[in-house]
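Q: sequence and predicted structure below; questions after.
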Number of protein chains: 2
Amino acid sequence: MNPDPGPRPRGRPRAVDGDQVLAAVLGVFWEKGLSGASLDELAAAAGVSRPSLYAALGDKRAMYLAAVDRVGDVVAAEISATFVADRPLAIALAGFFDAAITAYVAGAAPRGCLIMCTAPAEALSEPLVGNALARVIASIDAGFEQRYRLATSRGELDSARDPALLAQQTTAILQSLALRARAGTAESALRSLATASVGLLLAG
Amino acid sequence: MNPDPGPRPRGRPRAVDGDQVLAAVLGVFWEKGLSGASLDELAAAAGVSRPSLYAALGDKRAMYLAAVDRVGDVVAAEISATFVADRPLAIALAGFFDAAITAYVAGAAPRGCLIMCTAPAEALSEPLVGNALARVIASIDAGFEQRYRLATSRGELDSARDPALLAQQTTAILQSLALRARAGTAESALRSLATASVGLLLAG
């Protein structure tokens, strides 16, 4: 954005790449949530000083909200992938759940979804976190609903089905997979639940 | 348990009723989670000193786990209520979701489920919390599965349906209602999702 920021004033924190720092701190929030993550852990994960971290991303809450936004973008991109031409609805939905489970069980200990597993705990004491959680849930619902409307127009889905409610039920399966992964459910059991749920959602 | 504990040693915290204290601190954990709740808030909610609180329930983690156990018992009792004789499966399931939603939206701000909304955040950094979360999810799944097996034996449910997977999908709807309530979804929207989901689960 600014290729020549000029000489750095002495005593100011060294400028760091906000995107890289965000990627680094995201893992700490994913594992520990907002309250559970300390500034020292966040700075250590990013490999920068606390003042540099603060300068790049703001306070801990602002960092957490930026992490939620980033994960929300990834989920939105995965839902967009279910719109790829010529993929039948059942295949697209199964692919979505597969990608989600793969993300949920990645890492040393399966962490589920950063948003669904850590934002609810803070949603009441931190209204901005509650708003972000509501926004992400609504966005996932809306993405699925749009895909179901397309399916209805293509004749892939019975026109008597309510796309909005079906979308919320699809999100419910996703949320359950996230919570179950976090609770240590075996990956094979998560995949069985996902497969059975594609059948339930599209046959109901 | 012990009607005559004898004279209380001086300097020791005053003995308090553990059950009453647990009921009082449960609301704090429900709103703020384990990391977010401070010992001062917990003691203030219970109306006792921090040493008395500690003597009654142990440290903060032990208090939180006791709160999870208590809520788990309530959920198990609600599932048992779906077994009441002569209640058709659809009515029983609708009644279960209705009671859950009523609990989720009670209070000044809708709080969802203490377990599903606050335990996941701590599940990785506090293995005992992770175990408790897994135990409660498994117990809810098992309760629904037992009810579905009864339904199959009564001819209320197609014997081709897998009771274990159907139970997990039922828990998924419950988890979603909890997260959505916590995110501020209107009660009427929660009830619409529950009603539609009884239809989906039992018709699928």
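A: Arrived safely, thanks for sending.

Q: is it true that A:Val71 touches A:Gly112?
A: No. Using Cβ atoms under 8 Å, A:Val71 is not in contact with A:Gly112; the gap is 11.3 Å. For every residue, glycine as well, the C-beta is placed using N, CA and C.

Q: settle it for me: which of the two has more neighbours?
A: A:Gly112 (28 against 20; other Cβ atoms under 10 Å in any protein chain shown).

Q: quick check on that one: phi, psi?
A: phi 70, psi -150 (degrees, to the nearest 10).

Q: state the pLDDT value of the closest residue in space to it that isn't next to it in sequence.
A: Once flanking residues are discounted, A:Gly112 sits nearest to A:Arg182: 3.3 Å by Cβ to Cβ, 6 or more residues apart in numbering or on different chains. What the model reports as pLDDT for A:Arg182 is 98.

Q: then A:Gly107?
A: Value listed for A:Gly107 in the pLDDT field: 82.

Q: so who does A:Val16 touch?
A: Residues near A:Val16 by Cβ atoms under 8 Å, 6 or more residues apart in numbering or on different chains: A:Ala46, A:Val48, A:Ser52, A:Leu53, A:Ala55, A:Ala56.

Q: so which strand or helix has A:Ile101?
A: If you go by DSSP states H and E, A:Ile101 is part of helix A:89-105.

Q: helices or strands next to that helix in the packing?
A: Applying 3 or more Cβ pairs under 8 Å, 6 or more residues apart in numbering or on different chains; DSSP states H and E, one finds that helix A:89-105 makes contact with helix A:60-81, helix A:127-154, helix A:163-182, helix A:187-203.

Q: for B:Lys32, which of those helices is the nearest?
A: Nearest to B:Lys32 among those is helix A:127-154; the distance by Cβ to Cβ comes to 12.0 Å.

Q: centre of the chain to that closest one, how far?
A: Mean-position distance between helix A:127-154 and its chain equals 13 Å (Cα atoms, centre = their mean, to the nearest Å).

Q: now do stretch A:153-162
A: On Cα atoms, centre = their mean, the centre of stretch A:153-162 falls 28 Å from that of its chain.

Q: what's the closest non-adjacent residue to A:Ser80?
A: A:Gly143 (7.3 Å).

Q: got the contact list for the one you found?
A: A:Gly143 neighbours (Cβ under 8 Å, 6+ apart): A:Ala76, A:Ile79, A:Ser80, A:Thr82, A:Ala167.

Q: my guess is the first one meets A:Ala138, correct?
A: No. Because the distance of 11.4 Å does not satisfy Cβ under 8 Å, A:Ala76 is recorded as not touching A:Ala138.

Q: flag whichever of the contacts of A:Gly143 scores worst on pLDDT.
A: Least confident entry in the contacts of A:Gly143, by pLDDT: A:Thr82, with 84.

Q: and it, how far is that from chain B?
A: 19 Å (Cβ to the nearest Cβ, to the nearest Å).

Q: contacting residues for that residue?
A: A:Ala92, A:Leu93, A:Gly95, A:Phe96, A:Gly143, A:Arg147.

Q: not counting its neighbours along the chain, what's nearest it?
A: A:Ala92 (3.9 Å).

Q: give me phi/psi at A:Asp86?
A: Torsion angles, degrees, to the nearest 10, at A:Asp86: phi 70, psi 0.

Q: over to A:Glu156?
A: Residue torsions, per degrees, to the nearest 10, at A:Glu156 are phi -80, psi -20.

Q: count of neighbours near the closest residue to it other than its chain neighbours?
A: Closest residue in space to A:Glu156, ignoring its immediate chain neighbours: A:Leu89 at 4.7 Å, by Cβ to Cβ, 6+ apart. By the measure other Cβ under 10 Å, the count of residues near A:Leu89 is 19.

Q: close enough to count as contact, A:Leu89 and A:Leu202?
A: Yes. Here A:Leu89 lies in contact with A:Leu202, judged by Cβ under 8 Å, at a distance of 6.4 Å.

Q: mutual contacts of these two, please.
A: With Cβ under 8 Å, 6+ apart, A:Leu89 and A:Leu202 have common neighbours A:Leu157.

Q: so what's the residue lying closest to A:Ser192 once chain neighbours are set aside up against?
A: Spatial nearest neighbour of A:Ser192, excluding adjacent residues (Cβ to Cβ, 6+ apart): B:Leu165 at 6.9 Å. By Cβ under 8 Å, 6+ apart, the residues touching B:Leu165 are A:Ser192, A:Leu193, A:Ala196.

Q: so which strand or helix has A:Trp30?
A: helix A:18-36.

Q: what's that helix packed up against?
A: helix A:39-46, helix A:50-57, helix A:60-81, helix A:114-122, helix B:18-36, helix B:114-122.
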